[in-house]
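> all I have is the shape, not the residue letters:
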């Protein structure tokens with residue numbers, strides 16, 4: 001019995017179909033298949049796409065991964081992704097803290113995010129980013145097969161809610177806009193003194209409180225509840241400027257990558273605030289403080305503009321001496337990830353025990369792409385590379401420190417600047433420098449502060465640099481220290497007024 005060609009071809013097709021159906025029924029490795037709704041993705045998208053996973057319910061896009069006990073997240077870079085097309089995040093995707101194939105089995109909450117990278121450090125919930133609704137599923141990396149996520153939500157702008165005593169200042173910076181060739185805004189939250197409305201002729205000193213990494217000007221809305229304008233017996237304008245930029249924290253320093261944030265702060269934002277809110281507008285009536293990255297920022301501003309401010313109170317600042325950059329001497333050490341004995345370098349500790357290490361933290365930031373703390377340092381301190389990005393201080397795979405890049409960081413080494421320019425700076429900074437640090441700082445920042453303390457003593461400075469035994473990064477500023485700082489600020493203002 002002969003089979004016709006037509007019947008033979010039909011039989012082959014049937015066999016192929018049955019084979020495909022059999023394969024489809026077989027378990028497949030986990031991958032995420034992403035589609036974007038045309039209503040929120042009208043144009044082709046080029047950038048990084050993320051999938052965040054959590055054991056806990058997620059109600060909105062996360063700003064980014066947590067530093068401690070980081071939950072898994074994965075990413076791919078796409079080009080000209082159009083609505084209707086599918087992007088797959090699978091085995092070859094970037095991932096942290098483990099590969100997708102190593103994801104622990106169990107129930108997960110999953111969300112996808114498109115990072116449009118428009119100037120915010122947040123890779124997850126920046127204004128205008130697009131994300132999917134949360135999917136809850138039991139996942140097994142070996143058998144869960146494709147899981148589909150549809151991105152159809154847009155991150156809305158976070159409102160700044162003004163009140164009688166809390167005001168928003170927002171200006172377009174000419175300096176930053178010219179640097180970036182596009183409009184760049186600077187913002188600040190201002191808390192007005194209780195007497196501001198009742199005494200329209202009164203003028204006030206001003207305290208700038210610069211947030212730490214991740215902090216924003218929105219903090220002014222909550223700060224009003226503790227009445228931060230009452231500085232001992234002196235009423236002051238209380239200002240929280242927004243330090244956020246694409247790479248992380250601007251620290252209000254002029255930078256080859258971020259642009260002239262220091263110049264814009266001094267020449268544009270401060271004058272706008274002082275004019276609008278009846279500030280005294282004299283150096284003896286301008287004070288600056290901050291915590292962590294804000295602590296570094298405040299000390300940098302006082303040292304860089306010594307005639308502009310009347311005093312700084314820097315709390316737990318980021319490294320102020322790069323011979324101890326969180327336990328790394330960037331000028332002499334060979335490797336960021338390991339010490340001379342080959343031991344992993346810790347980046348953070350709790351109760352004296354290391355809980356974060358440079359290598360894993362650096363790996364996490366590589367998946368983020370931008371907006372991480374270590375990358376933020378590079379964006380401020382490093383020159384711009386030929387690819388338009390900050391030059392890397394260390395190789396991301398080996399940890400090897402680039403000594404050429406390390407030398408360029410000397411421009412921002414506060415201890416080195418003070419030593420080098422001390423004859424010029426000493427009279428301008430007399431009585432103005434106050435630095436406070438916990439002896440057991442969580443991020444090992446106390447080492448650099450100790451070196452600064454020793455250096456200023458040798459120089460004969462009257463600077464106050466105090467290390468508090470038993471305090472770490474989270475508990476340095478308690479009620480007693482806050483009252484002490486306020487008393488010192490009020491006294492500083494009174495002395496300035498009497499001269």
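Received the coordinates, thanks. Everything numeric here is computed off the predicted structure, so don't read it as measured data. Numbering: from 1, shown residues only.

> distance-wise, check residue 439 relative to residue 445.
Residue 439 sits at a distance of 11 Å from residue 445 (criterion: CB to CB, to the nearest Å). C-beta: built from backbone N, CA, C; applies to glycine.

> more neighbours: which of the two?
residue 445 (25 against 14; other CB atoms under 10 Å).

> tell me the spacing between the more buried one and residue 347.
Residue 445 is 11 Å from residue 347, where distance means CB to CB.

> any shared contact partners between those two?
residue 326 (CB atoms under 8 Å, 6 or more residues apart in numbering).

> in a strand, residue 88, correct?
Yes: per DSSP: H, G, I helix; E, B strand; the rest coil, residue 88 lies within a strand segment.

> wait, it touches residue 34, no?
Yes: under the criterion of CB atoms under 8 Å, residue 88 makes contact with residue 34 at 7.4 Å.

> for those two, indicate the residue with more neighbours.
Between residue 88 and residue 34, counted using other CB under 10 Å, the more crowded position is residue 34 (24 against 13).

> Three-state assignment for the more buried one, please.
Three-state assignment for residue 34 (three-state DSSP): strand.

> quick check: the gap between it and residue 91.
Distance, residue 34 to residue 91, by CB to CB: 15 Å.

> please apply the same query to residue 477.
46 Å.

> for those two, indicate the residue with more neighbours.
Shown here are residue 477 and residue 91; by other CB under 10 Å, residue 477 has more neighbours (16 against 13).

> the more buried one against residue 290, yeah?
No: using CB under 8 Å, residue 477 makes no contact with residue 290, being 11.0 Å away.

> intersection of neighbour lists for those two?
Common contacts of residue 477 and residue 290 (CB under 8 Å, 6+ apart): residue 315.

> what about the closest residue to residue 142 other than its chain neighbours, distance to residue 92?
Spatial nearest neighbour of residue 142, chain neighbours left out: residue 29 (6.1 Å); criterion: CB to CB, 6 or more residues apart in numbering. Distance, residue 29 to residue 92, using CB to CB: 11 Å.

> more crowded one of those two?
Neighbours of residue 29 and residue 92, each counted by other CB under 10 Å, are more numerous for residue 29; the result is 15 against 11.

> below-threshold pLDDT in the chain: ranges please.
Residue ranges of the chain with pLDDT under 70: 1-25.

> can you verify residue 190 is assigned to a strand?
Yes: counting by three-state DSSP, residue 190 is part of a strand.

> which phi and psi does residue 225 have?
Backbone torsions of residue 225, given as degrees, to the nearest 10, read phi -70, psi -30.

> make that residue 202, sorry
Torsion angles, degrees, to the nearest 10, at residue 202: phi -80, psi 140.

> for residue 267, same thing?
The phi/psi pair for residue 267 (degrees, to the nearest 10) is phi -90, psi -20.

> helices along the stretch 301-450 of the chain, start to end?
Counting by DSSP state H, counting those that start in this stretch, the segments of the stretch 301-450 of the chain that form helices are 358-368, 373-381, 403-408, 414-420, 422-429, 446-459.

> return the most buried member of the ones you listed.
Mean neighbour counts were compared across the helices of the stretch 301-450 of the chain using mean count of other CB atoms under 10 Å; the top stretch is helix 373-381, at a mean of 24.

> now residue 249: how far from residue 143?
Going from residue 249 to residue 143 by CB to CB gives 43 Å.

> looking at those two, which one has more neighbours?
residue 249 (30 against 12).

> not counting sequence-adjacent ones, nearest residue to that one?
Residue 249 sits nearest to residue 293 (CB to CB, 6+ apart), 4.7 Å away.

> the one you found: how many residues sit nearby?
Based on other CB under 10 Å, the number of other residues close to residue 293 is 26.

> equivalent analysis for residue 256, please.
Counted with other CB under 10 Å, the neighbours of residue 256 add up to 17.

> my guess is it meets residue 378, correct?
No: between residue 256 and residue 378 there is no contact under CB under 8 Å: 10.6 Å.

> what do those two both touch?
Applying CB under 8 Å, 6+ apart, one finds that residue 256 and residue 378 are jointly contacted by residue 390.

> from residue 480, how far out is residue 386?
51 Å.

> and what of residue 146?
On the measure of CB to CB, residue 146 and residue 480 end up 58 Å apart.
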